[in-house]
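**Student:** Sharing a model prediction with you, sequence too.
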There are 2 protein chains.
Amino acid sequence: MRPPTPSPSSSSSSMGAFRLPALSHLLSPSKSLLSSPLSFPLRLRPPCLKSTVLIYGAAASRGISAQSLAKEDISPLAAPTADRKPSSRYEGSVTPRSADFNAWYLDVISSAELADYGPVRGTMVIRPYGYAIWESIQDYLNVKFKETGHSNMYFPQFIPYSFIEKEASHVEGFSPELALVTIGGGKELEEKLVVRPTSETIVNHMFTQWIQSYRDLPLMVNQWANVTRWEMRTKPFVRTLEFLWQEGHTAHATPEEAEKEALQMIDVYKKFAYEQAAIPVIAGKKSKAETFAGATRTYTIEAMMGDKKALQAGTSHNLGQNFSRAFGTQFTDENGQSQHVWQTSWAVSTRFVGGIIMTHGDDAGLMLPPRIAPIQVVIVPIWKTADDKSGVMDAVSSLREVLHKAGIKVKVDDSEQKTPGWKFNFWEMKGVPLRIEVGPRDVSNRTVVVCRRDIPGKPGKEFGISMEPSVLIAHVNSRLEDIQASLLQKATSFRDSNIVDVNSYEELKEAIAQGKWARGPWSASDTEELKVKEETGATIRCFPFEQPQGKMKCFMTGNPADEVAIFAKSY
Amino acid sequence: MRPPTPSPSSSSSSMGAFRLPALSHLLSPSKSLLSSPLSFPLRLRPPCLKSTVLIYGAAASRGISAQSLAKEDISPLAAPTADRKPSSRYEGSVTPRSADFNAWYLDVISSAELADYGPVRGTMVIRPYGYAIWESIQDYLNVKFKETGHSNMYFPQFIPYSFIEKEASHVEGFSPELALVTIGGGKELEEKLVVRPTSETIVNHMFTQWIQSYRDLPLMVNQWANVTRWEMRTKPFVRTLEFLWQEGHTAHATPEEAEKEALQMIDVYKKFAYEQAAIPVIAGKKSKAETFAGATRTYTIEAMMGDKKALQAGTSHNLGQNFSRAFGTQFTDENGQSQHVWQTSWAVSTRFVGGIIMTHGDDAGLMLPPRIAPIQVVIVPIWKTADDKSGVMDAVSSLREVLHKAGIKVKVDDSEQKTPGWKFNFWEMKGVPLRIEVGPRDVSNRTVVVCRRDIPGKPGKEFGISMEPSVLIAHVNSRLEDIQASLLQKATSFRDSNIVDVNSYEELKEAIAQGKWARGPWSASDTEELKVKEETGATIRCFPFEQPQGKMKCFMTGNPADEVAIFAKSY
């Protein structure tokens, strides 16, 4: 539930590409809020920001390069009107991913209008297009949580400071990054209130009141909420001062049930990552050093980003009896004996949106897996004359209706301020999986052109696809499935070609120096784990559930090892 | 968006029924947080709380009186097992509504497990059954918001203190009830951060960056979020220190568009109230004194609770250019002129759940309109012998499947710790609209018994309803519709019989003294409005949209009046 603190070396490498904000006046309201001596680690590109403002589904899109017009060999322009001439200015673009991964990431977030910076240092405004991705994540997980027996509810976000101090490792992990309310209704409070960084403490305070007997167990709840952690180094979606998440909390009568629950939920996350987000995460167990503050065992899904750094994308904790002992959460078992409950907690946050961006995006911008894309198909009408326009718009309007009724998320970009070529680039940058082009000749032929986002240029284009509803729907659905599978396949190949099996510390150092993940037998101590971190910047991401067979020797100590661990630099 | 501050007299009357918590040890963690000299205005009934703990859909229900067994003439008991004998203790009950409305309200919230008290004064834990009602509200409104062109997004909850000061009436309205973060990451902050009480200020800060041209308008967004107001007198759902809501924010190019939007959204709320919540709200305009801090005009829906007090259940504000002038939110119009945008904001909160409870509930507890009920039908199996049990449970299980597939929210209560009579009372207290009873004779006859929550005893029972799926589904759907319509009808009659048309101040005083609403022609001053409030405890709830025809004279001054106003005491 708690992203590991970045190691000095890994964070310095991730900070390397950060730039200072270009327009300081935009930041002036927050300057006085800078309580840390660190420079503002977020990068604004205000000219781009200013020029590509677009609210999802509401205002017209602007500011997209026309450079692909020639490339795409599309000549017709939207009919210009007197006061709405298509601008020929080159207004917005995205740094190529291959040139600078971090700059690319921030450009995509700005240009695709996923998020913006809040006025307070390290906070983020999630804009409609970014929020719609989060809604896709919510829609899927919310159903799965209910199917697995959990109910939604809501705990207050203000927690008495004394609660945080009750569980020893919890307070150690969280106290440095708390936001505290000290004034309420104009008066100094007698006890400071913590703005929740996570809710185990207040959950246990309530569970203690609700649980008496074994008949009250299992108690399985979830909440969708905001949480606050006073992070010094922030990055949109990946690590922000306030973020959105779900946090599941359960209490059980036996350690076996709690363990089964913790494993079940990491599996729900893993399935979501593979099947919806097309991210081939590696699921496994955290090392002791990387375990959640207060947990007995932490399970994780680790994703490889496009720069090969690891992203912890979801965690599930077996809390044992740590919180139930601290808060006296007990039940009477079937024999009348009083026992402490066994607990779990598990969470996925808006960080996952960052993972999706950094897994699939390319030089042209965002690339969204169809199953989580807010817009799966964008239709771009093409015409030269008013006569052409009416026929094309009629066809487009009926196509939209057909696809919408078939449950496909479709948008028509019929704005007249932009050329078709601009729109092509714009919606590619926004990561829409499929584009349908409809011109006058298509209307005569009762066909459309279908273009895949994931295959650039001519090879991704199919001409002469019939407009006949059943044919078109089948074709679009089939292509969306192809893209979904292809993104997962591509990400899996990328991942597998960047994991190196190592049998010595030297091999590990070499793999990490190349920016790759290193996998090798490990049974060394916490001290040696820390040494690897200090010397290479890599941490143990997990001991994967999938383990090789046979006897192994720890690559560090030569002692027998039961498991391989994966080491990597991480966000 | 801001519930009006209760007048001294209305709040003292609402406080009259509050009792002190019975078990102070439950409150001890929050004692040090009491920053106000007022007594804790929430009432805990810990023995009841302890004995009726039930997590929706997870644990077994307990603690319900068996008193109706004889009344209902049901003799078969669930087969007792050695260690799970049905308890005969009378464990939980609800103060009759007719005896003490406030005690009843708090009992229902506790016994039906809608909410509990958080450890910090005035905060509330929304439990699964209560949260499911909020989810019903969200599901409906979220679709309507999108249909009317709004996109969801998320703004940070921390707002620089200086923002709040920018709009003069806004700061005046909100500064007394702010929660302030002064420490972050272990350091004193240079500028205090406000935990959002509402988001107009931060929204305008962002809108100013996103809006340049008339092409960026309208900008129409919504967020589902938590908000914090340091209220001194709290009451679960109705007024809590932290609550959940949605807040819509829009910007337009003309005052006409903003006005149209504000009216459209109050209409969305009104339709929700009538069609889903079966609450016959009166929609209208607020008086100047009751207008939102920062708005030009506030529209409201006002609901009459079972004790005849008014509840402001939703508001929609025309903000004019108040915030856009304060934050410099300007656009270039079609003529190249710079103009400030025209704005609206509108909100519905978890307070609405309180409105549902207080509109429909009766002496037996909660009564939920079918369209927002988390459980629409509860099936209670009845048997004596093991032989009977297997046949009954087979039938029940297939009935559940049939109803579930038909989209009906159905629950089977097959726990063996309780008698059927207990279950009847328990699910009545939880407000489930329909109960289906299945006994061995029913199984032989291939029929069931169907009982309506809204018609007590025999008149609400129908025997011999066929189990045949198509017949049963049609019957259940038809009864659910009947109940939905009947609840609205009943609430409308109650409302109309408690609104008195008045033509003098004396008549108003008499109506208010009787606890009723007074409606009369009004064109008097703010001072005279304040006088009414001070002398009677009633405020102008609204100038209803529906107005009588013809010339009228203000009942206070005798001057010509264009409109009637409704006066009432309120929550």
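**Tutor:** Everything's here; your move. Residues are numbered from 1 along each chain as shown, chains lettered A, B, ... in the order given.
**Student:** Pull the distance from stretch A:190-208 to the chain's centre.
**Tutor:** Distance of stretch A:190-208 from its chain centroid, counting by C-alpha atoms, centre = their mean, to the nearest Å, is 26 Å.
**Student:** got a list of what A:Met393 touches?
**Tutor:** A:Pro381, A:Trp383, A:Asp414 (C-beta atoms under 8 Å, 6 or more residues apart in numbering or on different chains). (C-beta placed from N, C-alpha, C; glycine too.)
**Student:** what do you get for A:Glu535?
**Tutor:** By C-beta under 8 Å, 6+ apart, the neighbours of A:Glu535 are A:Lys509.
**Student:** Name the next helix or strand downstream of the helix or strand where it lies, please.
**Tutor:** According to DSSP states H and E, A:Glu535 maps onto helix A:526-536. Moving toward the C-terminus from helix A:526-536, the next helix or strand (DSSP H and E) is strand A:539-544.
**Student:** which other residues reach that following strand?
**Tutor:** A:4, A:7, A:10, A:282-287, A:289-290, A:300, A:302, A:310, A:312, A:517, A:519, A:522, A:529, A:532-533, A:563-570.
**Student:** What values do phi and psi take at the spatially closest residue to A:Leu241 that is not a sequence neighbour?
**Tutor:** Excluding the flanking residues, the one nearest A:Leu241 by C-beta to C-beta, 6 or more residues apart in numbering or on different chains is A:Gly122, at 3.7 Å. Main-chain torsions, A:Gly122, degrees, to the nearest 10: phi 80, psi 0.
**Student:** what's the answer for the one 3 residues further on, then?
**Tutor:** A:Val125 has phi and psi values of phi -90, psi 120 when expressed as degrees, to the nearest 10.
**Student:** what's the neighbour count on it?
**Tutor:** By the measure other C-beta atoms under 10 Å in any protein chain shown, the count of residues near A:Val125 is 23.
**Student:** ok, back up a step: quick one, the helix holding A:Glu535 and strand A:539-544 angle?
**Tutor:** Interaxial angle, helix A:526-536 versus strand A:539-544 (axes from the mean of the first three to the mean of the last three C-alpha atoms, to 10 degrees): 120 degrees.
**Student:** Same question for helix A:526-536: list its buried residues.
**Tutor:** By 16 or more other C-beta atoms under 10 Å in any protein chain shown, the buried positions in helix A:526-536 come out as A:Glu529, A:Val532, A:Lys533, A:Thr536.
**Student:** Excluding chain neighbours, what is closest to the first one?
**Tutor:** This points to A:Glu529. Nearest to A:Glu529 is A:Ala289, by C-beta to C-beta, 6+ apart, at 5.5 Å.
**Student:** Show me what the longest helix along chain A packs onto, helices and strands only.
**Tutor:** Scanning chain A for the helix with the most residues, using DSSP state H, yields helix A:469-496. Judged by 3 or more C-beta pairs under 8 Å, 6 or more residues apart in numbering or on different chains; DSSP states H and E, helix A:469-496 is in contact with strand A:297-304, helix A:351-360, helix A:386-405, strand A:434-438, strand A:447-452, strand A:461-466.
**Student:** can you list these in TSV and add mean pLDDT and distance to A:Thr234?
**Tutor:** Formatted as TSV, the helices and strands packed on helix A:469-496 follow (pLDDT from 0 to 100; distance: least, C-beta to C-beta, whole Å):
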stretch	mean pLDDT	distance to A:Thr234
strand A:297-304	98	19
helix A:351-360	98	11
helix A:386-405	96	38
strand A:434-438	98	34
strand A:447-452	98	35
strand A:461-466	97	40
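**Student:** mind giving me TSV with these and columns for distance to B:Gln343?
**Tutor:** Below are these laid out as TSV (distance: least, C-beta to C-beta, whole Å):
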stretch	distance to B:Gln343
strand A:297-304	41
helix A:351-360	28
helix A:386-405	31
strand A:434-438	35
strand A:447-452	39
strand A:461-466	44
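**Student:** and the most centrally placed residue in chain A, what is it in contact with?
**Tutor:** Residue closest to the average C-alpha location in chain A (C-alpha atoms, centre = their mean): A:Phe352, at 1.7 Å. Taking C-beta under 8 Å, 6+ apart, we find A:Phe352 in contact with A:Ile137, A:Ala277, A:Ala313, A:Gly314.
**Student:** Please flag which of those residues sit within strands.
**Tutor:** A:Ala313, A:Gly314 (DSSP state E).
**Student:** from the contacts of A:Phe352, which is closest to chain B?
**Tutor:** A:Ile137 (13.1 Å; C-beta to the nearest C-beta).
**Student:** quick one: that closest one and A:Gly354, what's the gap?
**Tutor:** According to C-beta to C-beta, to the nearest Å, A:Ile137 stands 12 Å off from A:Gly354.
**Student:** So which residues on the stretch 401-550 of chain A come close to chain B?
**Tutor:** Contact residues (C-beta under 8 Å from any C-beta of the partner chain) of the stretch 401-550 of chain A with chain B: A:Gln417.
**Student:** Kindly recompute the last result at 10 Å.
**Tutor:** Residues of the stretch 401-550 of chain A lying near chain B by C-beta under 10 Å from any C-beta of the partner chain: A:Ser415, A:Gln417.
**Student:** before we move on, back to that, now the contacts of A:Phe352 as JSON lines including distance to chain B and neighbour count?
**Tutor:** As requested, the contacts of A:Phe352 are arranged in JSON lines below (distance: C-beta to the nearest C-beta, whole Å; neighbours: other C-beta atoms under 10 Å in any protein chain shown):
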{"residue": "A:Ile137", "distance to chain B": "13", "neighbour count": "21"}
{"residue": "A:Ala277", "distance to chain B": "20", "neighbour count": "29"}
{"residue": "A:Ala313", "distance to chain B": "20", "neighbour count": "27"}
{"residue": "A:Gly314", "distance to chain B": "20", "neighbour count": "30"}
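**Student:** Distance to A:Ala225 and pLDDT for the contacts of A:Phe352 - can I get that in a markdown table?
**Tutor:** A markdown table is the format used below for those (distance: C-beta to C-beta, whole Å; pLDDT from 0 to 100):
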| residue | distance to A:Ala225 | pLDDT |
| --- | --- | --- |
| A:Ile137 | 14 | 98 |
| A:Ala277 | 21 | 98 |
| A:Ala313 | 19 | 98 |
| A:Gly314 | 16 | 98 |
